[in-house]
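Colleague: 3D model of this:
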Amino acid sequence: MAIDQNEILLESGTNEVEIFEFLVDGQSYGVNALKVRQVTQFQPEKIQELPMMPEGMIGNVIMRDQIIRVCDIRKMLQMDSTPRPQRAILLLSEFNSQVVGFVVDQITGICRVNWQNVQSPSAFLKTSTITGVAVIQDRKVSMLDFESLIVSMFGMHDQS
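Modeller: Numbering: from 1, shown residues only. Predicted coordinates:
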């Protein structure tokens, strides 16, 4: 029985990446799908606010007996133009032995993209938080680096 190449989930050497796409303030953003551990509805009533939080941090939430820092991508990207939707989404990402939640407006989906369709960000963009722009059909999706956002906010580095 022959296997259709489209059915293979990112086999080694395919030069593709799966992008988890979401919206923030009407703009498309994405991260490598391997960076997303869990997706759940954001429940602001469960957030514990803390004193002297950095800009962009909302507070902590306890999920599965784990304390998770929760950050608002909208504030981290300095986008305060419209209120957060009532049905916002919480993306949980794990890196540097930490789980961090990011609040986004809406999930668009997961797309498989050839690396040839991922462009370098503009040279005029002076940030390490956007690592590239993926061209998906007729849309441009800004690729975010969650680790860079967290390092700039908390100064977290690999603790191993």
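
Colleague: now do the strands in the protein.
Modeller: Using DSSP state E, the strands of the chain run over 16-24, 27-32, 36-41, 57-63, 66-72, 89-95, 98-104, 106-114, 118-119, 130-136, 139-144.

Colleague: who's in contact with stretch 93-105?
Modeller: 22-26, 29, 31, 35-37, 42, 58, 61, 66, 68-74, 84-85, 88-92, 146-147, 150, 156-160 (C-beta atoms under 8 Å, 6 or more residues apart in numbering). Bear in mind the C-beta positions are built from the backbone N, C-alpha and C, glycine included.

Colleague: which among these count as buried?
Modeller: Buried subset of the contacts of stretch 93-105 (neighbour count, 16 or more other C-beta atoms under 10 Å): 22, 24, 29, 31, 35-36, 42, 58, 61, 68-74, 84, 88-92, 146-147, 150, 156.

Colleague: where's stretch 57-67 relative to the chain centroid, distance-wise?
Modeller: Here stretch 57-67 is found 17 Å from its chain centre; the criterion is C-alpha atoms, centre = their mean, to the nearest Å.

Colleague: tell me the mean pLDDT for that stretch?
Modeller: Across stretch 57-67, the average pLDDT comes to 93.

Colleague: how about stretch 104-122?
Modeller: The predicted model gives stretch 104-122 an average pLDDT of 86.

Colleague: buried residues in it?
Modeller: Across stretch 104-122, burial judged by 16+ other C-beta under 10 Å covers 104, 105, 108, 111, 113, 117, 118, 121.

Colleague: where does this structure have low pLDDT?
Modeller: Residues of the chain that meet the criterion pLDDT under 70 lie in 1-13, 81, 122-128, 155-160.

Colleague: who's the residue nearest the centre of the chain bridged to?
Modeller: The centre of the chain sits closest to residue 31, judged by C-alpha atoms, centre = their mean, with a distance of 4.9 Å. Here residue 31 sits in beta bridges with residue 20, as judged by DSSP bridges.

Colleague: which residues touch it?
Modeller: 19, 20, 91, 93, 143, 144, 145, 146.
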